[in-house]
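A.B. asks: below: sequence and its predicted model.
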2 protein chains.
Amino acid sequence: METLTTLREHKKAVTRRSLARAALRLAMEHGLDGVTVEDIADEAGVSRRTFSNYFAGKEDAVLDGDRSRIQALVALVSARPAGEEAWTALRAATAELYRTWPVPDVEWMAQLRLLRRHPSLLARQAGDQVALERDLTAVLVLREPDEEVARLMAATFLATVRTGIALWLEGAGEQQLPVLVDRLLGRVRVQGT
Amino acid sequence: METLTTLREHKKAVTRRSLARAALRLAMEHGLDGVTVEDIADEAGVSRRTFSNYFAGKEDAVLDGDRSRIQALVALVSARPAGEEAWTALRAATAELYRTWPVPDVEWMAQLRLLRRHPSLLARQAGDQVALERDLTAVLVLREPDEEVARLMAATFLATVRTGIALWLEGAGEQQLPVLVDRLLGRVRVQGT
DNA sequence: TCTAATTCTTGCACGACGTGCAAATTTGCT
DNA sequence: AGCAAATTTGCACGTCGTGCAAGAATTAGA
């Protein structure tokens, strides 16, 4: 009851994370198709029905961390100094994200590895990103008043980051991920108004 | 014996198209969730089991046309004159696509409208595009030898086209789609080697 | 503290889905 | 014609997502 978290919300957050973790762990061990929703629920100590109260499917559970990552990114972008150019803010926020949330994040890496093996996850992730494109666009509009351009920036930005991660996963650590992504972001230019 | 299409392949192509059309028509009429796979199979005159021999789910069936569209685009890109700049080739091929396949394509518009109402379709479409990014990259590599850049171009290009279509759907025909997309493509630049 | 209201969990039941399998049908070729 | 290969179909099975109502936990108010 200290912060803003009432006990109720706290427990909800706990089970949610518990489910996401269980999903990730089991999917890593048996492959995504070798795990049922019931397995995940059991591992987390809740019922199959409760799982569905939190996630729409195992893919959603596995990618839960990824979503909060992008939400954090949106927050970082909107926290950049006012007046900063839109694309610059995106680049800087991305760098900050990697500083705040250092790359050798065990869970995140596990997600990425799964992402490569299971294309169905890739699809779901892309779908999530399309949804988050709206939030990102809303934040960018404050820096780039032409909504058409803001939208375009959000889309190309997310596509670039995705590409960077994909390249990095294939390259197997020849270079630091933040460096690679930043280089790609430097290559892309979206002409403003 | 007769044409290049043996009777067998011909019939397969017919049922596939029949299924895709039925899926589209029924989804337009009752909404995607108001249609079962069995409904679609009945409409096409085949069994539920046969549907699964062609598509992994109703979403796949609905988006079938969209996929062939992008495949056609890939073909157009690789048919551009050799030596043409990669991004230029993409722009030109896109313009050709709209000329070859004129925009007021009834079925395609139906797909787009469904796409807006059902985010699950958006997710699946994005997933398809991620898969097709590989083909597009392979074609681009001939024009842009740095694979990293080719990959980045494929990703940003597809993201840009998607954004254009989304903007066009919301704007409700204030401007021609080909013009809008081409303008967006003109705004984006991916710095080559 | 006790109680009532609110919120969350659980089990049940149901329709829908995807798939392996084997039988039946269709097509290709001689 | 007749045989081989490919395709369709029905059946069965495990899994999935969800509405619903009952039960348990948490909150808020006296």
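C.D. replies: Alright, I've got the coordinates.
A.B. asks: how far away is the residue nearest to A:Thr50 when sequence neighbours are not counted from A:Phe55?
C.D. replies: Leaving out its chain neighbours, the residue that sits closest to A:Thr50 by C-beta to C-beta, 6 or more residues apart in numbering or on different chains is A:Ala41, at 6.6 Å. Where C-beta positions appear, they are placed from N, C-alpha and C, glycine not excepted. Relative to A:Phe55, A:Ala41 is positioned 10 Å away (C-beta to C-beta, to the nearest Å).
A.B. asks: joint contacts of the two?
C.D. replies: A:Leu19 (C-beta atoms under 8 Å, 6 or more residues apart in numbering or on different chains).
A.B. asks: residues in contact with the helix or strand hosting A:Leu114: which ones?
C.D. replies: Assigned by DSSP states H and E, A:Leu114 belongs to helix A:106-117. For helix A:106-117, the surrounding residues in contact (C-beta under 8 Å, 6+ apart) are A:21, A:24, A:27-28, A:31-32, A:62-63, A:65-66, A:69, A:101, A:121-122, A:125, A:165, A:169.
A.B. asks: at 10 Å instead, please
C.D. replies: The contact list for helix A:106-117 (C-beta atoms under 10 Å, 6 or more residues apart in numbering or on different chains) reads A:17, A:20-21, A:23-25, A:27-28, A:31-32, A:59, A:62-66, A:69, A:101-103, A:105, A:121-122, A:124-125, A:162, A:165-166, A:168-170, A:177.
A.B. asks: can I get the lowest-mean-pLDDT helix or strand in chain A in PDB, CA atoms only?
C.D. replies: Every helix and strand of chain A was ranked by mean pLDDT, DSSP states H and E. The lowest is helix A:106-117, at a mean of 84. C-alpha atoms of helix A:106-117 as PDB (Å, rounded to 0.1, in the frame of the first residue of the first chain):
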ATOM      1  CA  VAL A 106      18.100 -12.700 -20.200                       C
ATOM      2  CA  GLU A 107      14.400 -12.700 -20.700                       C
ATOM      3  CA  TRP A 108      14.400 -10.500 -23.700                       C
ATOM      4  CA  MET A 109      17.100 -12.500 -25.400                       C
ATOM      5  CA  ALA A 110      15.000 -15.600 -24.800                       C
ATOM      6  CA  GLN A 111      12.100 -13.900 -26.500                       C
ATOM      7  CA  LEU A 112      14.300 -12.900 -29.400                       C
ATOM      8  CA  ARG A 113      15.500 -16.400 -29.900                       C
ATOM      9  CA  LEU A 114      12.000 -17.800 -29.800                       C
ATOM     10  CA  LEU A 115      11.000 -15.100 -32.300                       C
ATOM     11  CA  ARG A 116      13.500 -16.400 -34.800                       C
ATOM     12  CA  ARG A 117      12.300 -20.000 -34.500                       C
END
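A.B. asks: tell me how far that helix is from the chain's mean position?
C.D. replies: Offset of helix A:106-117 from its chain centre (C-alpha atoms, centre = their mean, to the nearest Å): 12 Å.
A.B. asks: in chain A, which spans are helices?
C.D. replies: A:7-30, A:37-44, A:48-54, A:58-62, A:64-78, A:86-100, A:106-117, A:119-140, A:147-171, A:177-187 (DSSP state H).
A.B. asks: now the third one: buried residues?
C.D. replies: So that's helix A:48-54. For helix A:48-54, a neighbour-count test (16 or more other C-beta atoms under 10 Å in any protein chain shown) marks A:51, A:54 as buried.
A.B. asks: could you name the helices and strands sitting against that helix?
C.D. replies: The contact analysis (3 or more C-beta pairs under 10 Å, 6 or more residues apart in numbering or on different chains; DSSP states H and E) places helix A:48-54 against helix A:7-30, helix A:37-44, helix A:58-62.
A.B. asks: now with 8 Å, please.
C.D. replies: helix A:7-30, helix A:37-44 (3 or more C-beta pairs under 8 Å, 6 or more residues apart in numbering or on different chains; DSSP states H and E).
A.B. asks: ok, of the ones you listed, where does mean pLDDT dip lowest?
C.D. replies: Lowest mean pLDDT within those: helix A:7-30, at a mean of 94.
A.B. asks: and the pLDDT at the residue most central in space within chain A?
C.D. replies: Compute the mean C-alpha point of chain A, and by C-alpha atoms, centre = their mean the closest residue is A:Asp66, 2.8 Å away. Model confidence at A:Asp66, given as pLDDT, is 89.
A.B. asks: next, count neighbours for the residue lying closest to it once chain neighbours are set aside.
C.D. replies: Closest residue in space to A:Asp66, ignoring its immediate chain neighbours: A:Gln111 at 5.8 Å, by C-beta to C-beta, 6+ apart. Other residues near A:Gln111 number 22, with proximity taken as other C-beta atoms under 10 Å in any protein chain shown.
A.B. asks: can you list the residues of chain A near DNA strand D?
C.D. replies: A:6-8, A:11, A:35-38, A:48-49, A:52, A:56-58 (C-beta under 7 Å from any atom of the strand).
A.B. asks: which of those residues lies closest to chain B?
C.D. replies: A:Ala56 (9.4 Å; C-beta to the nearest C-beta).
A.B. asks: quick one: A:Ala86 from A:Leu142, how far?
C.D. replies: To A:Leu142, A:Ala86 is 9 Å away according to C-beta to C-beta.
A.B. asks: between those two, who's got more neighbours?
C.D. replies: A:Ala86 (24 against 15).
A.B. asks: surely that one and A:Asp146 touch.
C.D. replies: No. Counting by C-beta atoms under 8 Å, A:Ala86 stays clear of A:Asp146, with 9.9 Å between them.
A.B. asks: spit out the residues that contact these two alike.
C.D. replies: Common neighbours of A:Ala86 and A:Asp146 (C-beta under 8 Å, 6+ apart) are A:Gly192.
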